[in-house]
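**Student:** need the 3D shape of this:
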Amino acid sequence: MRKVSFLQRKDPLEEEDDAGYLDIAVPEGKHPPLQLSPMPEKLTSHQVVRRHILSSIIQSERSYLESLRRILQEYHRPLIEADPRILSPRKIRPIFYRIREITQCHSMFQIALASRVAEWDSSEKIGDLFVASFSKSMVLDVYSDYVNNFTNAMALIKKACMSKPAFLEFLKKKQASSVDRITLYGLMVKPIQRFPQFILLLQDMLKNTPKGHVDRLPLQLALTELEMLAEKLNEQKRIADQIAETQQLARSVSDRLLSKQLSLEQGSLVLCETLIETVYGERGQVLKSKERKVFLFDDVLICGNINVKGPPDISSLVPVGPKYTMKWSAPLQQVQVVEVGQEGAQGKDTFFQQSGAKRPSSAYTSGKAALGPPQLYHELQELQHDLSVVEEVTLLVGTLQGTYQNLNTTVAQDWCLALQRFIHIKEEQIQSANKCRLRLQVPGRPDKSGRPVSFMVVFNTPSPLSKISWVNRLHLAKIALREENSPGWLCREDEGKTMTPFRCPLLACHMPVFAVKSPERKLEAALHNPVHCALLGFSAASTSLPQGYLWVASGGVGSEGHIEIFSLNRPTPRAVKSLQVGSAVRCLEYVPEPFPSEEVEAGIHEAPSGMCTNICVGLDNGRILVYSSVDTAAQCTVTLSNPEGCPVLCLRHSSRFLFAGLQNGTVMVYGRNNSDDLWDPGSYRCVNLGSEPVRTLLVLDDSVWASCGNSVTVMDISSLSTQKFEVHPEPTVSVAHMVCAGGGVWMAFSEGSSIRLFHTETLELLQEINISSRSTLLNTGQKSMRVTSLLICQGLLWVGTAQGVIITLPVPKLEGIPKITGKGMISLNAHCGPVDLLVAITSALSPELLKRDSVGDGPDSACGAEDRSDTSSQESLQQSNSYQGEGMGKGRGILLQYKLRSTAGLPGRPLTAQGDEASDSSLESLEHSVEDGSIYELSDDPEMWVRGRPCKRQTGHKDKVISAAVISGGRGFRRLKEGTAAGTGMSGEGLENILMVWQLPLTV
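**Tutor:** Take a look at the predicted model:
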């Protein structure tokens, strides 16, 4: 078999040499089509599902390979052989660059897959095949070249379509003659989508592969390889698209300096999206709305006009990128996000000019901009005033002596209910206006007197999630401009190049732990107590740290314990409470209230209602204090102890048990009290692991890992049966830290600079990394760096060292093995002493922020509601009345004994608690409009009774937005420079205990 030489080719425009390629022909007789044998009898449910997933893999790969061959046979070959020529070979080659090589890779994979399918019933193993086929550098090189060239290939196709009518006609005929009517673009995008499809199939296969199966570890390794490959390709595609967008924008910028800056800094684009700019009049009416392309770079915000995208016959065959014309640009530091109702908080020396207006009008010179949605606040105040008046009228109506048909207590009470309903809807409108409207205060040119002029720009985002992303990225981009993040990280594998700030964790702040300097205190532990703040606004939730409270514990030899509690509901932690305990604190553990699903999966009965969130504090005197976790009102509810009063070094919990690792080598296991589900001081069991201290514990699905000396003991949670294995050859070295991700556990040790990865099921050693080799760019002053803390958060393994240096290493995020295969980074922000703790804080944003409660969230809603005719009003009322049969059975609302008679000619809104379609649709519009009206007429007919109902609420959004940050603790703070000694050069802050807070971008 000849060697494939195409990987050594560097220039994609070089002439192809067919002699260097290995065309894989699969004769039908020698290699029959992939097909599983008939299903045997007496298979388990997992075996049946695995066979179905394998069939999906076979079918998916067959279809993919057929698509690749269609590109070569139906497009590439006819274009090469066309006479007369449709395109020159010099243009054809870059369009189909690397398609043949990708086809060859998958042809080889199909042959190997066929042999594995033939022996499936005897082996049932496929994970190792994916590892062998797609872990080769050849595959990454070929796909990387294809992905990097994809944007260029699409641009060439677009240009050829516009300049070569014969080529456009060729593409149309090929699409029309194909069975599935798929375009050339639809075929060529398949390689970009291939590995995410593989990952989904292997995830399903792994879920249905029981522990102990021969294919389980190979599947986890295959997931790791494919995830790494997909991440690299996605990053390359992102960079290629980013460069193409930036180049397109740079060509349209008239400012030469800015155009040159964009051309040089093509990797600095943070976010770009098509948004709808809306311009309002003085009364809040919409004057115009138009699509804009908004670009957020690391130091500038640019808004561009979108020009015509091209002929429709071309755009149907290949995506046609638009051209831009710059409308305005502004330095990022001078751009402010302004929420509805915050206009009064702006500077008094700045007056607003509406975007798109030629000159400021009198409506904007008062310091406020009446841009439509802010009028909702004024309308809310009017409704609140009217409610107070109607409540007084209701009291007066109750004093009437006579009986009147349309003036009685029932009607008056309904007025109050109706106004309350209007107020509720108005509040939801305000929330909706915040959710999908991005309002930016942008600096403009000063006026003739030199006063600064700011204009307000209002963009409608496609969804609340889009606005959350914009607010968060604008906030983080400003943090990235700070001195401590310019640069913030150093990458060893890139020959000491500093990393782009926004592609790394950003140092949001550093602050002392204690208000009074206490050199004798040593930081021992920290945890995050997540608590949602209902009063947190939209922008605050998008920019603040993960919500909740941070507990930081300290101790020392012979000193009392101290716990400092910080509030995290803002960009910087704020100390809110201090707790004093009688002994030094050694560890903390957060125990959340278990979900019912968690109990069911564990095979345990449903927890009684008395179970609540609590925080366990392990002390040096052997006691465990259990605090209730209700915001900052922390009260000690239970005290646990061990017979010997041995120091508690570590704490971990499962759904029903609390595990405590003691200094004498014993693990205490506490159960819950059946009466109130608190930890039971009298119900405990002891498991002796050895004479060495139990320094760290780790709870997995159904087992607990406990370290004792240079060994780790795996305990079954239900039976407490143990299995011990050695993790380090030196008996004097003990395991100091353990963290788990996917199917692996990383361990750090009391001595040395190495960390080791073990499989959670087979317990075998999978990888060993020397941290000292990752920090050779920094002169540490020592031969090795001892690891003092370990953490995994959002695809990064954080390593804290005794020299105060923090290193991050990329690990997979999925269910695979967390092997380190990427580039490590070194933080240029360090502590002066050892990194005593690393803690991850994460929380999900409230689902309410992602709901689109108003029907008027779309771009068209900004135009406001138009006046409706009497007929449409009557139809809406009839539709509303048909709803009452559904609402009667729910037992909600107030029973009203009157019917509606249309009086559409009267002004005002129908003052009724009945939630009809007509009033709902008009009220939920974000703009004010004239409404139809109704009055009441008492009815004795029960069939006309109408039940008031609450406003319809949209069900919860499926998207889950995660806010994350990492906090390190140690003595002092300093900035590192390449070549400086990590053990010297302390900052002026001395040896005070310092927290450093790294904020990560929001993720979905």
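**Student:** partner residues bridging F758?
**Tutor:** Note on F758: beta-bridge partners by DSSP bridges are V745, L765.
**Student:** do you know the pLDDT at it?
**Tutor:** What the model reports as pLDDT for F758 is 96.
**Student:** that one against C740, yeah?
**Tutor:** No. With contacts counted by C-beta atoms under 8 Å, F758 stays clear of C740, the gap being 9.9 Å. In short, each C-beta sits where N, CA and C put it, glycine included.
**Student:** the two - which one has more neighbours?
**Tutor:** F758 (21 against 16; other C-beta atoms under 10 Å).
**Student:** mind checking how far V442 is from A244?
**Tutor:** Per C-beta to C-beta, to the nearest Å, V442 is found 26 Å from A244.
**Student:** give me the domain ranges for this protein.
**Tutor:** In the assignment given by the TED database, the structural domains of the chain cover 45-241, 245-309+321-340+437-485, 505-546+734-849+960-976+991-1003.
**Student:** just put the ones you listed in CSV and tack on distance to V694.
**Tutor:** Converted to CSV, the domains of the chain look like this (distance: least, C-beta to C-beta, whole Å):
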stretch, distance to V694
domain 45-241, 25
domain 245-309+321-340+437-485, 38
domain 505-546+734-849+960-976+991-1003, 10
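**Student:** which one of those has the lowest average pLDDT?
**Tutor:** Note on these: domain 245-309+321-340+437-485 shows the lowest mean pLDDT, a mean of 83.
**Student:** ends of that one, what's the gap?
**Tutor:** 26 Å (C-alpha to C-alpha, to the nearest Å).
**Student:** what's the answer for stretch 687-705, then?
**Tutor:** Distance between the two ends of stretch 687-705: 12 Å, counting by C-alpha to C-alpha.
**Student:** do a quick rundown of the helices in the stretch 301-450 of the chain.
**Tutor:** 312-315, 375-397, 409-436 (DSSP state H, counting those that start in this stretch).
**Student:** pretty sure D298 sits against L481.
**Tutor:** Yes. Between D298 and L481 there is a contact at 7.3 Å, judged by C-beta under 8 Å.
**Student:** low-confidence ranges in the stretch 501-650 of the chain?
**Tutor:** Scanning the stretch 501-650 of the chain for pLDDT under 70 picks out 501-502, 533-539, 556-558, 594-611, 630-633.
**Student:** verify the contact between R437 and V458 for me.
**Tutor:** Yes. If you go by C-beta under 8 Å, R437 and V458 touch, sitting 5.9 Å apart.
**Student:** where is the longest helix in the chain?
**Tutor:** Looking across the chain with DSSP state H, the single longest helix is helix 216-252.
**Student:** could I get the buried residue list for that helix?
**Tutor:** Residues 216-233, 236-237, 240, 242, 244-246, 248-250, 252 are the ones in helix 216-252 that count as buried (16 or more other C-beta atoms under 10 Å).
**Student:** one step back: so between D298 and L481, which is more surrounded?
**Tutor:** D298 (18 against 15).
**Student:** pop out the phi and psi values for the more buried one.
**Tutor:** Main-chain torsions, D298, degrees, to the nearest 10: phi -70, psi -10.
**Student:** return the distance of it relative to M825.
**Tutor:** For D298, the distance to M825 (C-beta to C-beta) stands at 18 Å.
**Student:** what do you get for R439?
**Tutor:** From R439 to M825 the distance is 36 Å (C-beta to C-beta).
**Student:** got it, and E382?
**Tutor:** 56 Å.
**Student:** higher neighbour count, these two?
**Tutor:** Just comparing E382 and M825: by other C-beta under 10 Å the higher neighbour count belongs to M825, 25 against 12.
**Student:** tell me what the nearest residue to the more buried one once chain neighbours are set aside is bridged to.
**Tutor:** Distances taken as C-beta to C-beta, 6 or more residues apart in numbering put W489 closest to M825, at 4.4 Å, once the chain neighbours are dropped. Legend: beta-bridge partners of W489 under DSSP bridges are S827.
**Student:** count the residues that sit near W489.
**Tutor:** Neighbouring residues of W489 were enumerated by other C-beta under 10 Å; the total is 24.
**Student:** isn't it right up against C504?
**Tutor:** Yes. With contacts counted by C-beta under 8 Å, W489 reaches C504, the gap being 4.4 Å.
**Student:** now list whatever residues contact both of these two.
**Tutor:** Taking C-beta atoms under 8 Å, 6 or more residues apart in numbering as the criterion, W489 and C504 both touch 808, 825.
**Student:** how about the residue lying closest to R181 once chain neighbours are set aside, phi and psi?
**Tutor:** Among residues not flanking R181 along the chain, Q175 sits closest, at 6.1 Å (C-beta to C-beta, 6+ apart). Dihedral angles of Q175 (phi, psi; degrees, to the nearest 10) stand at phi -70, psi -40.
**Student:** and for G709?
**Tutor:** The phi/psi pair for G709 (degrees, to the nearest 10) reads phi 70, psi -130.
**Student:** what about it, distance to R695?
**Tutor:** To R695, G709 is 9 Å away according to C-beta to C-beta.
**Student:** who's more crowded, those two?
**Tutor:** Higher neighbour count among G709 and R695: G709, with 23 against 20, using other C-beta under 10 Å.
**Student:** roughly how far does the more buried one sit from D620?
**Tutor:** In terms of C-beta to C-beta, G709 sits 21 Å off from D620.
**Student:** please apply the same query to A525.
**Tutor:** From A525 to D620 the distance is 12 Å (C-beta to C-beta).
**Student:** shared neighbours, these two?
**Tutor:** Common neighbours of A525 and D620 (criterion: C-beta under 8 Å, 6+ apart): 585-586.
**Student:** quick revisit: so which of the domains of the chain comes closest to R586?
**Tutor:** For these, distance to R586 was read as C-beta to C-beta. The smallest value, 5.6 Å, belongs to domain 505-546+734-849+960-976+991-1003.
**Student:** chain center to that closest one, what's the gap?
**Tutor:** The chain centre lies 18 Å from the centre of domain 505-546+734-849+960-976+991-1003; the measure is C-alpha atoms, centre = their mean, to the nearest Å.
**Student:** and for the nearest residue in space to A660 that is not next to it in sequence, the neighbour number?
**Tutor:** Of all residues not flanking A660 in the chain, M668 sits nearest, at 4.3 Å (C-beta to C-beta, 6+ apart). Neighbours of M668 under the rule other C-beta under 10 Å: 23.
**Student:** S122 too?
**Tutor:** S122, neighbours per other C-beta under 10 Å, totals 7.
**Student:** T44 versus that one, what's the distance?
**Tutor:** As for S122, its distance to T44 is 16 Å (criterion: C-beta to C-beta).
**Student:** just to check, I994 is in contact with M511?
**Tutor:** Yes. Under the criterion of C-beta under 8 Å, I994 makes contact with M511 at 7.0 Å.
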